[in-house]
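>>> Coordinates only, no sequence provided:
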């Protein structure tokens, strides 16, 4: 594609970034100018250049060089087979706009693949926002299956029914697990899984070609607690045992080692032995989740990560610090 006239080589990435901020983050041109620390005239010119280049359609089509570099570094550092980093849209707290934009683009690419596929889905705020950001599309060769139970005592406390939204958005078959995320006891788990409809969906999830999951924390304000899927004392037990991150109801410490608690035998989700054999891609980001994401990256269970620019940079810095501390500790033993 021809480069727009009057745009310097150094402004190529800046032009795409300006378009993201204007069209995806909903900023005015004056706000874009302030964010990028350029004049309003230049901000207008950068956005116009992105339009002229053909980068702006319904969504912003184009990759920011810095994001591509971060993707390569994350893949190399954590032995990932795929990584997708969306631009920083300067959102406070959980960066849902950036994550949902990157995540919905990923799902659309999966749906457009010609070969039939079965996609297993987790749940949570980020995945719900991702599905919400998707356009309506006909998915001819794709089926979706829930990877975990999601029933709560109060539905309004956790209205993250991603399976229903997926079926509505794509017209594809979507299978749900009509059970809670955690059973009351290990015996109750076996009773629930023995139900024919539940067992069939559970086994279908174990065969999924792709597992698309979120990452949670082990803090008192974790979404699992807020949604009343588990009790505060249960997450406290996880934290006391060194738990930092959570994926599909399984908890891990900062170094990626599984943490066994009273919840472990009650989780209505695929066992780690099953997860280890699948293509697992997580969608996660935000400062509050960085340590949790790092724990999952270090676990070896992830084959891919979808995140945003600021989180990606911080993850790489955290990993560098962690490696340096471990090296210093090992050197101290040999002195």
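Yep, that arrived. Quick caveat, the model's predicted, so the values are computed rather than measured.
>>> Quick one: low-confidence residue ranges for the stretch 151-300 of the chain.
Residue ranges of the stretch 151-300 of the chain with pLDDT under 70: 151-160.
>>> Okay, helices next: where are they in it?
Secondary structure of the stretch 151-300 of the chain (DSSP state H, counting those that start in this stretch): helices located at 162-170, 186-193, 196-206, 223-226, 232-240, 272-275, 290-299.
>>> Could you dump those helices into CSV and include distance to residue 215?
All C-beta spots, glycine's among them, are computed from the backbone N, C-alpha and C. Output for the helices of the stretch 151-300 of the chain, formatted as CSV (distance: least, C-beta to C-beta, whole Å):
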stretch, distance to residue 215
helix 162-170, 15
helix 186-193, 23
helix 196-206, 18
helix 223-226, 10
helix 232-240, 14
helix 272-275, 13
helix 290-299, 5
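>>> for those helices, which one ends up most surrounded?
Most buried of the helices of the stretch 151-300 of the chain by mean neighbour count (mean count of other C-beta atoms under 10 Å) is helix 290-299; its value is a mean of 23.
>>> What are the contacting residues of whatever helix or strand comes next after that one?
Sequence-wise, the next helix or strand downstream of helix 290-299 (DSSP states H and E) is strand 304-308. Residues outside strand 304-308 that contact it (C-beta atoms under 8 Å, 6 or more residues apart in numbering): 74, 78, 80-89, 95, 98-99, 102-103, 106, 279-285, 293, 297, 315.
>>> filter the residues you listed to the buried ones?
Buried subset of the contacts of strand 304-308 (neighbour count, 16 or more other C-beta atoms under 10 Å): 74, 78, 80, 83-89, 95, 98-99, 102-103, 106, 279-285, 293, 297, 315.
>>> now the residue positioned nearest the centre of the chain, which residues is it bridged with?
The residue lying closest to the centre of the chain (C-alpha atoms, centre = their mean) is residue 283, at 0.8 Å. Listed beta-bridge partners, residue 283: residue 306 (assigned using DSSP bridges).
>>> My read is that it contacts residue 212, right?
Yes - contact criterion C-beta atoms under 8 Å: residue 283 and residue 212 qualify, at 6.9 Å.
>>> quick one: common contacting residues for the two?
Shared contacts of residue 283 and residue 212, defined by C-beta under 8 Å, 6+ apart, comprise residue 127.
>>> Run through the strands of the protein in chain order.
Along the chain, counting by DSSP state E, strands occupy 82-86, 117-121, 142-146, 173-175, 210-213, 216-217, 245-247, 250-252, 258-259, 279-283, 304-308.
>>> Tell me the gap between the fifth one and the middle of its chain.
Same thing as strand 210-213. 9 Å (C-alpha atoms, centre = their mean, to the nearest Å).
>>> Just give the strands next to it in its sheet, each with its orientation.
Taking DSSP bridges as the criterion, strand 210-213 pairs within the sheet with strand 117-121 (parallel), strand 279-283 (parallel).
>>> show me where the stretch 1-150 of the chain has helices.
Under DSSP H, counting those that start in this stretch, the stretch 1-150 of the chain gives helices at 12-19, 29-36, 40-53, 65-78, 96-111, 125-133.
>>> mind putting the ones you listed in JSON lines, distance to residue 332 and mean pLDDT included?
As requested, the helices of the stretch 1-150 of the chain are exported to JSON lines (distance: least, C-beta to C-beta, whole Å; pLDDT from 0 to 100):
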{"stretch": "helix 12-19", "distance to residue 332": "43", "mean pLDDT": "88"}
{"stretch": "helix 29-36", "distance to residue 332": "44", "mean pLDDT": "92"}
{"stretch": "helix 40-53", "distance to residue 332": "51", "mean pLDDT": "90"}
{"stretch": "helix 65-78", "distance to residue 332": "24", "mean pLDDT": "95"}
{"stretch": "helix 96-111", "distance to residue 332": "39", "mean pLDDT": "94"}
{"stretch": "helix 125-133", "distance to residue 332": "39", "mean pLDDT": "92"}
